[in-house]
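>>> Below is the structure, and that's it, no one-letter string:
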């Protein structure tokens, strides 16, 4: 079953690679002149054209691009001269740690909120849920981040300065997973763990607020449907406690649509990540891409778009597989 | 002869359509206070977009270094920024650009996605497969990231922001139009039109397309908010609109550095304007959808 899902992801992957390839070829003007810089002579441009393979037909260029990708080569950054793949690899854990914590925050708030709203329709909590989920999607993520910084850093002084993953007085833990929270625990350094957590709270909360709306909405809607179903009525009639009915019977069935929504939530999160990283000076791949944008350095940006898209395809695949694990019917049908 | 008859029919249909829309609007506003509120906000935004530059108290680009970084006061309702420009005037003037970007991109995707989706649903076969494949490929990207890539590749201009925002919304429109057209393809009036000797394209444009309009219009209103957020996000990271142009995303970016030193008003007011605009479009879209298509209410 998993093999089938893997096969189904291949067309998406091919599409992603074609689009990222076309994006470089769509660069305005001559890519060779662009890569050579403004001061280059005609011969230099011609040399670069041959070096980049731009004198060959498009399909050969594409084959070359795919071959480079196969070797894990995403090109070099114009500004630093460093290989893009290397840079993305060192920065990825920072982004992943932030995004995952953001997702955990949003699930931790949205799912209970949705369940409570569904068990008490038209109560105060239900209205709160509706307002929060409409407001959540309306808040520009960079704006929420800045407001949180103003309130918790400038006014209250509870949060550290929004400048990266660790305060300057600390040095990062020895790298195992690349996640500072986990690495500091492995190193047994509680103080460092707290310092890393303090830096993470505000950006993760920002991402959480942004992405909780679809999860809360979907949880509420699918819980309402599950609670109105016959098996819940039967469970009620059998005298089971409300807690057992809501958690064991209704929630397990209501989870499926919620998990489907996670695909969309990830699309939001990965995009919002770029903006949040800029606000909090987070040294992840998002701010790497933004820096490249400002310097009109295209190779890092292309590498970034490709990495994000591949991760997103992989996440969707994971959600699909998870779906099969939770709902046995999906497995039987396939 | 047939042409004249057609034109006559078209105007009649448009008239009754206009009336229906007005009646609908009154019904929505009477039925639901929140939608009425959203509609009032929408009118405010439209007014600001239309006449904003003529009614603001200060020139949005005029700097006055003597009055830099002043907090909100009677003279400057929303304070002044680091160059002494009046934040309130800039926020109001920016409405036109932000509204234009969102409207243009939504209109563009309405045409592109709507036509492609209707054709896919109506004709089926390879048209359906091609449109479906394009939509799937776009959906394989995190949307904001794809928009970044498109603007960076095509060039850093406002037009490309409009185009990128339209492209990332394409799958949504194409899918909705496809589903609706697929249902309508087998309805009685389509068969009747075909029996009368109408060509396929004519049936598509004359019978199917008008009938999916209501749902598509709701979709436009729902995606307006997203389009504004997307465009503002792109200009926040330095794409598209350039300083000193007044635009909400770039104004928040300019004010961001002052947030940590306590000058909150520079980023707050444009951010709040952005939030209110998006909130308004989302509420309006929800209200419209409840009326036009009650099945999708959540």
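Done, it's in. This is a predicted model, so every value here is computed, not measured.
>>> what's the spacing between residue B:129 and residue A:326?
Remark: distance between residue B:129 and residue A:326 (Cβ to Cβ, to the nearest Å) = 31 Å. C-beta: built from backbone N, CA, C; applies to glycine.
>>> next one: residue B:98
For residue B:98, the distance to residue A:326 (Cβ to Cβ) stands at 42 Å.
>>> what does residue A:290 give?
Taken as Cβ to Cβ, the span from residue A:290 to residue A:326 is 37 Å.
>>> Return the residues in contact with the closest residue to residue A:213 other than its chain neighbours.
Excluding its sequence neighbours, the residue lying closest to residue A:213 (Cβ to Cβ, 6 or more residues apart in numbering or on different chains) is residue A:136, at 3.4 Å. By Cβ atoms under 8 Å, 6 or more residues apart in numbering or on different chains, the contact set of residue A:136 is A:209-213, A:216.
>>> Helix or strand: which one has the residue in the stretch 101-250 of chain B that chain A sits nearest to?
Of all residues in the stretch 101-250 of chain B, residue B:144 sits closest to chain A, at 2.7 Å by Cβ to the nearest Cβ. Applying DSSP states H and E as the criterion places residue B:144 in helix B:143-154.
>>> Next to chain B, which bits of the stretch 101-250 of chain A? Give me the list.
Residues of the stretch 101-250 of chain A lying near chain B by Cβ under 8 Å from any Cβ of the partner chain: A:134-135, A:137-143, A:146-147, A:149-150, A:153-154, A:161-162, A:217-218, A:220-221.
>>> Would you mind giving me the PyMOL syntax to select the buried ones in the residues you listed?
Here is the PyMOL command that selects the buried residues among these (16 or more other Cβ atoms under 10 Å in any protein chain shown):
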select buried, chain A and resi 134+137+138+139+140+141+142+143+146+147+149+150+153+154+162+217+218+220+221
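>>> Cross the residues of the stretch 101-250 of chain A next to chain B against helices and list the overlap.
Applying DSSP state H to those, the entries found in helices are A:134-135, A:137-138, A:141-143, A:146-147, A:149, A:217-218, A:220-221.
>>> of all these, which two lie farthest apart?
Spatially, the most separated pair among these is A:149 and A:221, at 33.5 Å (Cβ to Cβ).
>>> thinking again about what came up before, comparing residue B:98 and residue A:326, which residue is more hemmed in?
Neighbours per residue, other Cβ atoms under 10 Å in any protein chain shown: of residue B:98 and residue A:326, the larger number sits with residue B:98, 26 against 12.
>>> And what about that one, helix, strand or coil?
Assigned with DSSP: H, G, I helix; E, B strand; the rest coil, residue B:98 falls in the helix class.
>>> if I pick it, what's in contact with it?
B:228, B:231-232, B:247-249, B:274, B:277.
>>> hang on, isn't residue A:196 packed against residue A:167?
No. Using Cβ atoms under 8 Å as the test, residue A:196 is too far from residue A:167 to be in contact (9.3 Å).
>>> Now do the contacts for residue 105.
Because you didn't say which chain, this covers chain A. Counted by Cβ under 8 Å, 6+ apart, residue A:105 has contacts A:204-205, A:207-208, A:212.
>>> my question was about chain B
B:161-163, B:165-166, B:169, B:227, B:231.
>>> Just confirm residue B:61 is within a helix.
No. Using three-state DSSP, the assignment for residue B:61 is coil, not a helix.
>>> still on that earlier bit, most neighbours among the contacts of residue A:136, which one is it?
residue A:211 (29 neighbours).
>>> Compare residue A:196 and residue A:167 (neighbour count), which wins?
Using other Cβ under 10 Å as the criterion, residue A:196 and residue A:167 rank with residue A:196 on top: 24 against 13.
>>> what sits against the more buried one?
A:165-166, A:180-181, A:184.
>>> okay if I get the residues you listed as TSV plus pLDDT?
Listed next are those as TSV, based on pLDDT from 0 to 100:
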residue	pLDDT
A:165	80
A:166	79
A:180	80
A:181	80
A:184	82
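>>> Can you pick out the ones from these that are in helices?
Short answer: the contacts of residue A:196 in helices (DSSP H) are A:180-181, A:184.
>>> circling back to that earlier point, what does the pLDDT read for the residue of the stretch 101-250 of chain B closest to chain A?
What the model reports for residue B:144 is a pLDDT of 89.
>>> I'd assumed residue A:274 was in contact with it.
Yes. Counting by Cβ under 8 Å, residue B:144 does reach residue A:274; the two are 6.7 Å apart.
>>> So which of these two has more stuff around it?
residue A:274 (30 against 27).
>>> In the chain, where is pLDDT below threshold?
By default, I'm working from chain A. Along chain A, the model assigns pLDDT under 70 to residues A:1-2, A:26-38, A:52, A:330-334.
>>> look at chain B instead
In chain B (pLDDT under 70), the answer is B:1-18, B:20-22, B:24-32, B:293-298.
>>> Now render the contacts of residue B:105 as CSV, adding secondary structure.
Output for these, formatted as CSV (three-state DSSP):
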residue, secondary structure
B:161, helix
B:162, helix
B:163, helix
B:165, helix
B:166, helix
B:169, helix
B:227, helix
B:231, helix
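>>> Sort out which of the residues you listed are buried, if you could.
B:161-163, B:165-166, B:169, B:227, B:231.
>>> need those in a markdown table with distance to residue A:72, can you?
Listed next are the buried ones among the contacts of residue B:105 as a markdown table, based on distance: Cβ to Cβ, whole Å:
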| residue | distance to residue A:72 |
| --- | --- |
| B:161 | 32 |
| B:162 | 36 |
| B:163 | 32 |
| B:165 | 32 |
| B:166 | 34 |
| B:169 | 33 |
| B:227 | 36 |
| B:231 | 34 |
